[in-house]
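Colleague: model this:
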Amino acid sequence: MFLLISAYLSTSIFGIFYYLAGAQIIAITCAIGFSLFALYGLVSYFTSRIVILFRLSIGTALIIFFIQTYLTGGVLSSSMSEFFIPSLLAFFYRPKEDRYVFMALSVASMLAMWWLTSKGFVSNTLNPDYAISHSLMSIFFSFSIVVIYSFLFRGTLANRNRQLAKSMKDQQATTQKLIQSEKMASLGVMSAGVAHEINNPLNFIKGGIDVLAKQLENTKEAAPFINAVEEGVRRASSIVHSLGHFSRESDAMDEVCDVNDILDNCLIMLQHKLKYKVAIVKEFEKQSRTLTGNVGKLHQAFINIISNAEESIEKKGTIAIKSTEMKEGILVMVSDTGTGISKKNLSKISDPFFTTKAVGDGTGLGLSITYEIIRAHGGTINVTSEINTGTQFEIFFKT
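Modeller: Numbers count the residues shown, from 1 in each chain. Here you go, the predicted structure:
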C-alpha cells in the first residue's frame, strides 16, 4: 500500500514538473507509469498474488528511473540517486531473494548508464532554468523514500520481535507443560507401584481379620476392634483403588468414564487435605450415561479443580460437588466458600503460568492443563466467582 501511494505521488508530481520543464517525453513516461501503478493497485483487490504485483511495481519504477536519468544528463543527473530505491524497497519486503535480484538490476542500470554517458548517447531535455529545482526534487524524493521505509522497516522489525517473543513464551509454556506431564507420568508410575505394594499386605490383613472374626464371633469385647480394623482396611483399599485410577498411563480416549466414580475417587485421594478443614457436600444424581474418554486424565482435571477450591479456603469452609444428568449431557458443579477470584484475574485463570500463589507454591499450570483435558473430552468450563464469597466451576460434558 505504501509502495503504491509513494508511486502515485512521485509519478504525478514529477510528471507535472517535467511537463513544465519542457521534458515532454519524461512527462509522458511518468503518466504511463502512473497508469500502470493504478492498474496494479486495482488488480491487487482481485488477486492474492501480491508478490507478482510487487515485482512488477519495482520493475516499472526501475524503468521509469532509467528513462528519467537517461533524458536528464545520464550519470551527471541528480536522478542517479534514485537507482538505489528499487533495491531499498526490495530489501524491506519479502521474498528475500528479490532484494538480491533488484540490487543486481540497480547496479546493472547504473553501469549501463555510465556506458551510455561515456559514449555520448544520453541527453538533457530539461529547460536549464529547472536544473536546480530538479536536483532538489530528486534528492528530496530519494531522502523521503529512505526515511519513510526506514521507519516502516523499524516497525516491521519491532513487530517481528514481538512475534518472536510470543513464540518463545509459547514454547516455554509448552516445555513447562511437557515437564509437568512428565512429572505426572512419573507420579503415576510411582503411584501404581505403591498401590500394588500396599494391596498385597492389605489382602493379608483382610484374610487374617476374617479368620479372627469367625473365631471371636461370640466375644462381644472384640467386636468393636474387629470392626475398626475392617473399616481401616476398607478405607485403605479405597485409597489404593483411587491410586489405581489416577496412575493410568494410557493416552487412549476410548475408556468408559463414570463421572461420579471419578469424583468419589478424587475425594478419597484428597481426604488428608480436606478432612480437618473442609466440609464436603455431595449431590450426585444417579447417572445412566457415561463419557468416552480417559479416566486418568479426568482424575487429574477434577483433582486440580477440587485442590484449588480447598486452597482458596483459608480456615474452615465448604466444598459442594453436584453432578446432574441433563438431556444434552452431564453437568458437574464444584463450588467453594473460599476467598474468590477478582474480575481482573478471572479471565486469566486458564492462562499458562498465571498464579496468585507465592513464588515456589505453584506453577500456574494446574487449571491450564485442566482446561485442555476438559476440552479434549468435548467439555466446556464456566467459572463464576465473587471476592470473599466463593467460586463455582460448571463443567459440562456433551454425551
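Colleague: With adjacent residues omitted, what lies nearest to residue 291?
Modeller: What sits nearest to residue 291 in space, not counting adjacent residues and going by C-beta to C-beta, 6 or more residues apart in numbering, is residue 257, at 4.2 Å. The way it works is simple: take the backbone N, C-alpha and C, and place the C-beta from them, glycine included.
Colleague: Backbone dihedrals for the one you found, please?
Modeller: The phi/psi pair for residue 257 (degrees, to the nearest 10) reads phi -120, psi 120.
Colleague: How many neighbouring residues does it have?
Modeller: When neighbours are defined as other C-beta atoms under 10 Å, residue 257 has 21 of them.
Colleague: Does it touch residue 297 like I think?
Modeller: No. Residue 257 lies out of contact with residue 297 (C-beta atoms under 8 Å); the separation is 9.2 Å.
Colleague: list residues touching both of the two?
Modeller: Contact with both residue 257 and residue 297 is made by residues residue 377, according to C-beta atoms under 8 Å, 6 or more residues apart in numbering.
Colleague: for the stretch 201-350 of the chain, what spans make up the strands?
Modeller: In the stretch 201-350 of the chain, the segments counted as strands under DSSP state E, counting those that start in this stretch are 255-257, 278-284, 291-293, 317-325, 329-336.
Colleague: Let me know which of those strands is the nearest to residue 377.
Modeller: With C-beta to C-beta, the closest approach to residue 377 among these belongs to strand 291-293: 4.4 Å.
Colleague: what are the pairing partners of that closest one, and which direction each?
Modeller: strand 255-257 (antiparallel) (DSSP bridges).
Colleague: about what we covered before: what would the strands of the stretch 201-350 of the chain look like in JSON lines with distance to residue 376 and mean pLDDT?
Modeller: Supplementary listing: these in JSON lines, determined by distance: least, C-beta to C-beta, whole Å; pLDDT from 0 to 100:
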{"stretch": "strand 255-257", "distance to residue 376": "12", "mean pLDDT": "85"}
{"stretch": "strand 278-284", "distance to residue 376": "24", "mean pLDDT": "90"}
{"stretch": "strand 291-293", "distance to residue 376": "8", "mean pLDDT": "87"}
{"stretch": "strand 317-325", "distance to residue 376": "20", "mean pLDDT": "91"}
{"stretch": "strand 329-336", "distance to residue 376": "15", "mean pLDDT": "92"}
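Colleague: how close does residue 295 sit to residue 344?
Modeller: Residue 295 is 36 Å from residue 344, where distance means C-beta to C-beta, to the nearest Å.
Colleague: Settle it for me: which of these two has more neighbours?
Modeller: Counting neighbours by other C-beta under 10 Å for residue 295 and for residue 344 shows that residue 295 has the greater number, 21 against 7.
Colleague: wait, the more buried one sits on residue 253?
Modeller: No. Under the criterion of C-beta under 8 Å, residue 295 makes no contact with residue 253, lying 10.4 Å away.
Colleague: Mutual contacts of the two, please.
Modeller: None of the residues lies in contact with both residue 295 and residue 253 under the rule C-beta under 8 Å, 6+ apart.
Colleague: quick one, what contacts the closest residue in space to residue 390 that isn't next to it in sequence?
Modeller: In space, and not counting its chain neighbours, residue 390 is closest to residue 337: 4.6 Å by C-beta to C-beta, 6+ apart. With contact taken as C-beta under 8 Å, 6+ apart, residue 337 is in contact with 313, 317, 318, 319, 389, 390.
Colleague: Tell me which two of the residues you listed sit farthest apart.
Modeller: 319 and 389 (14.0 Å).
Colleague: The two: which is more packed in?
Modeller: Set side by side, residue 319 and residue 389 give different neighbour counts by other C-beta under 10 Å, the larger being at residue 319 (25 against 13).
Colleague: Return the set of residues that bridge with residue 383.
Modeller: On DSSP bridges, the residues paired with residue 383 through beta bridges are residue 393.
Colleague: count of neighbours near residue 63?
Modeller: Here the count is done by other C-beta under 10 Å, and residue 63 has 16 residues near it.
Colleague: Show the pLDDT at the residue lying farthest from the centre of the chain.
Modeller: Here the chain reaches farthest from its C-alpha mean at residue 218, the gap being 69.5 Å by C-alpha atoms, centre = their mean. At residue 218 the predicted local confidence, pLDDT, stands at 72.
Colleague: Likewise for residue 194?
Modeller: pLDDT, read off for residue 194, is 63.
Colleague: returning to that earlier point: give the contact list for the residue nearest to residue 291.
Modeller: If a contact means C-beta under 8 Å, 6+ apart, then residue 257 has 290, 291, 292, 293, 294, 295, 298, 377 as its contacts.
Colleague: what about residue 140, how many neighbours?
Modeller: 10.
Colleague: On the secondary structure side, give me the element for residue 22.
Modeller: No secondary structure element spans residue 22, as it lies outside all helices and strands (assigned by DSSP states H and E).
Colleague: is it true that residue 31 touches residue 15?
Modeller: Yes. The pair residue 31 / residue 15 is scored as a contact, 5.4 Å apart, by C-beta under 8 Å.
Colleague: Between these two, tell me which one has more neighbours.
Modeller: Remark: of residue 31 and residue 15, residue 15 carries more neighbours, 20 against 16, as counted by other C-beta under 10 Å.
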